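Novice: model this:
(chains A, B and C)
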Amino acid sequence: MVVRPFPRDDAQPGDRRSQRSGAAQRSVIPAPPPYNLLRTLSCGQAFGWQVDGTGAHGVFDGRPVRLSQRAGVVHVEGLRGARALHRLARYLAADQPVGAIERALAADRVLARILPETSGIAILRQDPWECLAGCIVSAFNNIPKVELTLRRLSRRFGPPLPGGAYGFPPAAAVAAASERALRACLLGYRAPYLLAVARRVHSGAFPLESLAALPYDEAKRVLLELPGVGEKVADCVLLFAYGKGEAFPVDVWVKRAVERWYFGGAARTPAEIRTFARRRFGELAGWAQQHLFHYIRTRRRRDGARAIGRRDSDRL
DNA sequence: ATTCAGGTGCGAG
DNA sequence: CTCGCACCTGAA
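Specialist: Predicted structure coming up:
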């Protein structure tokens, strides 16, 4: 599975050209409410989707695709074949019982307040290698630079695709690269990490596929053996690629959110927060994390100029 | 200029 | 085992 951004063409969504050219390849994926495509793609679990007002575009399965959501379905343009469409449907996780999950989460007072603003987030089913690589790059980094780095990696080591885009480089391609070439993609000190991980994955010494069958704790222990993979990255991969719902990735944002809204603003270590989340949310911890993360990162825009206030700890 | 950004690996107590 | 610290790099 390959998801990378591609240069936007000048056809606006809904104009005649895009409709004409896309008509033969247009298809739909069932997506019952409250599934929210754009929220799911832009809430931070996947890099490489460019979201605009009406949809999102990226690369999937080696093809530039455009996605948009209408009543109960996701429209897909640019994908050929039933199998490819099936893979995309699985990736987008529109079949996930999002409504039931959110009803369960709403038993939590904090989430009950947040959910009206964040409803519809599904946990994608990403390709393990691509997810792992992206998460390693994202460590102690900022989103724009992460995306720039992943774009450079694709351009330099990924397969060229029709339309001038590039697919995400397979582990083999990264494994064959030099650390110097990787650093040129702005990886910085993460370059040796990614290189070592790519080599272990490509050589078969680290069988990514086998993690799927392991329970959360065991799979995590295995992932933590990889260089550049700590608690947070491991949880991200377990959640976003393997669907392990117990995973609760604790980054600075989620740490702030939990401290503020569950501990009255008192400091807690990431380990304490993980323990708390797992006890409180169980197998739905991952979804809870996404709602907290998405809410604390976007509320500034929705609430206007005034940022997060002190009284939040009381009110939420 | 200084600080921050979706952490991790290290060495020291 | 917990704690403190350095770390590529670009943008504000």
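Novice: For the residue of the stretch 51-200 of chain A found nearest DNA strand C, report the pLDDT, please.
Specialist: The stretch 51-200 of chain A approaches DNA strand C most closely through A:G188 (2.2 Å), counting by Cβ to the nearest atom of the strand. In this view, the C-beta of every residue, glycine as well, is placed from N, C-alpha and C. Note for A:G188: predicted pLDDT of 97.
Novice: Same check on the one 3 residues further on?
Specialist: pLDDT recorded at A:A191 is 98.
Novice: Repeat that for the one 4 residues further on.
Specialist: The confidence metric pLDDT takes the value 98 at A:L195.
Novice: Which residue does chain A have closest to DNA strand B?
Specialist: For chain A, Cβ to the nearest atom of the strand, closest residue to DNA strand B: A:G230, 2.4 Å.
Novice: Could you measure from the residue nearest to that residue when sequence neighbours are not counted over to A:L132?
Specialist: Spatially, and ignoring its direct neighbours in sequence, A:G230 is nearest to A:L224 (7.1 Å; Cβ to Cβ, 6 or more residues apart in numbering). Separation of A:L224 from A:L132 (Cβ to Cβ, to the nearest Å) stands at 12 Å.
Novice: and these two? which has more neighbours close in?
Specialist: A:L132 (29 against 12; other Cβ atoms under 10 Å).
Novice: Just give the nearest non-adjacent residue to that one, would you?
Specialist: A:V237 (5.1 Å).
Novice: on that earlier part again, the residue of the stretch 51-200 of chain A closest to DNA strand C: what's it in contact with?
Specialist: By Cβ atoms under 8 Å, 6 or more residues apart in numbering, the contact list for A:G188 is empty.
Novice: who in chain A is up against DNA strand C?
Specialist: Counting by Cβ under 7 Å from any atom of the strand, chain A comes close to DNA strand C at A:140-142, A:144-145, A:183, A:186-190, A:269, A:271.
Novice: surely A:R190 meets A:A139?
Specialist: Yes - counting by Cβ atoms under 8 Å, a contact exists between A:R190 and A:A139, whose distance comes to 6.7 Å.
Novice: how about the helices in the stretch 151-300 of chain A?
Specialist: A:171-175, A:179-183, A:191-203, A:216-223, A:231-240, A:252-262, A:270-281, A:285-303 (DSSP state H, counting those that start in this stretch).
Novice: Among those helices, show me which one is buried the most.
Specialist: helix A:231-240 (a mean of 25; mean count of other Cβ atoms under 10 Å).
Novice: quick one: A:L226 from A:V76, how far?
Specialist: Counting by Cβ to Cβ, the gap from A:L226 to A:V76 is 34 Å.
Novice: who's more crowded, the two?
Specialist: Neighbour count, other Cβ under 10 Å: between A:L226 and A:V76, A:V76 has more, with 22 against 19.
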